[in-house]
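S.K.: Okay, sequence plus prediction incoming.
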Amino acid sequence: MNETTEVILARRSAEQSWFSRFQAVALLAITMLAIIGKFYLPRLLPHTEWLELPLLLTVYFGLMRRSQIQALFFGAFVGLAEDSLSPANIPIGMYGITKTLVGYFAASVSLRFNVETRLMRFVLSFFFFFFHAFFYWAMRRALLGQIVPFNPQDKLVDGVLNAIVALPLFAILDRMKLSGS
């Protein structure tokens, strides 16, 4: 290597470092907006209780990072932040556990399959929504002893709606990621 290529490589790594920090801040801001929006959006727009943006961000992060440990910590962060805003009758940790598992499994799936296709993203978004809803329901029954209804038909419809929302959301997040490359 000569001096010119070393300078170019050093400049490129500095730019990538800056942009990766920018992306981390942007991801944190988007995640916090999604968590706050989950609780306030249904008040502003009726009939949007089914929308699970924090879960979709957890799925996206797990699928794109392909690091089980990072996805696990991201899911735990999102879940615990969501728990801190949840109603008082639900103890802290319920969303934390479910989102941690979703993040871990999403990263595990991304290691085995090509998750860049729209069909695969749709299917995985649907699957992880249903998994999240079922596991959350099971934990409330088993750990808390609460009798809460679980209507699979409603959850299937909500899962399809969330998977439909996931496609444009993931495309926007992909563009944010690619603009830094």
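M.R.: Structure's in. What do you need? Numbering: from 1, shown residues only.
S.K.: quick one: contacts for Leu63?
M.R.: 106-107, 109-110, 115, 121, 124 (C-beta atoms under 8 Å, 6 or more residues apart in numbering). Bear in mind the C-beta positions are built from the backbone N, C-alpha and C, glycine included.
S.K.: switch the cut-off to 7 Å
M.R.: 106, 110, 115, 124 (C-beta atoms under 7 Å, 6 or more residues apart in numbering).
S.K.: now it, what's its secondary structure?
M.R.: Leu63 falls in the helix class when you classify it by DSSP: H, G, I helix; E, B strand; the rest coil.
S.K.: CSV for the contacts of Leu63, including neighbour count?
M.R.: Below are the contacts of Leu63 laid out as CSV (neighbours: other C-beta atoms under 10 Å):
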residue, neighbour count
Ala106, 29
Ser110, 22
Val115, 20
Leu124, 22
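S.K.: What's the separation between the residue nearest the centre of the chain and Arg141?
M.R.: Taking C-alpha atoms, centre = their mean, the centroid of the chain lies closest to Thr58, which sits 1.6 Å from it. For Thr58, the distance to Arg141 (C-beta to C-beta, to the nearest Å) stands at 23 Å.
S.K.: Please apply the same query to Val157.
M.R.: Per C-beta to C-beta, Val157 is found 22 Å from Arg141.
S.K.: And Phe73, by the same measure?
M.R.: Phe73 sits 27 Å away from Arg141, going by C-beta to C-beta.
S.K.: can you check Leu56 too?
M.R.: Distance, Leu56 to Arg141, using C-beta to C-beta: 25 Å.
S.K.: In terms of packing, which of the two has more residues around it?
M.R.: Between Leu56 and Arg141, counted using other C-beta atoms under 10 Å, the more crowded position is Leu56 (21 against 13).
S.K.: Tell me who's in contact with the more buried one.
M.R.: For Leu56, the contacting residues are 125, 162, 165-166, 169, by C-beta under 7 Å, 6+ apart.
S.K.: give me the element it is part of.
M.R.: Leu56 belongs to helix 53-65 when assigned by DSSP states H and E.
S.K.: Likewise for Val115?
M.R.: Applying DSSP H and E, one finds Val115 in no helix or strand.
S.K.: burial of Ile92, as a residue count?
M.R.: 12.
S.K.: what's the closest of the contacts of Leu56 to His132?
M.R.: Distance to His132 across the contacts of Leu56 (C-beta to C-beta) is lowest for Asn162, with 9.5 Å.
S.K.: Quick check: the closest one vs Asp83, distance?
M.R.: Separation of Asn162 from Asp83 (C-beta to C-beta): 20 Å.
S.K.: okay, the two: which has more neighbours?
M.R.: Applying other C-beta under 10 Å to Asn162 and Asp83 shows that Asn162 carries more neighbours, namely 24 against 18.
S.K.: Spatially nearest residue to that one (excluding sequence neighbours)?
M.R.: Excluding the flanking residues, the one nearest Asn162 by C-beta to C-beta, 6 or more residues apart in numbering is Phe129, at 4.7 Å.
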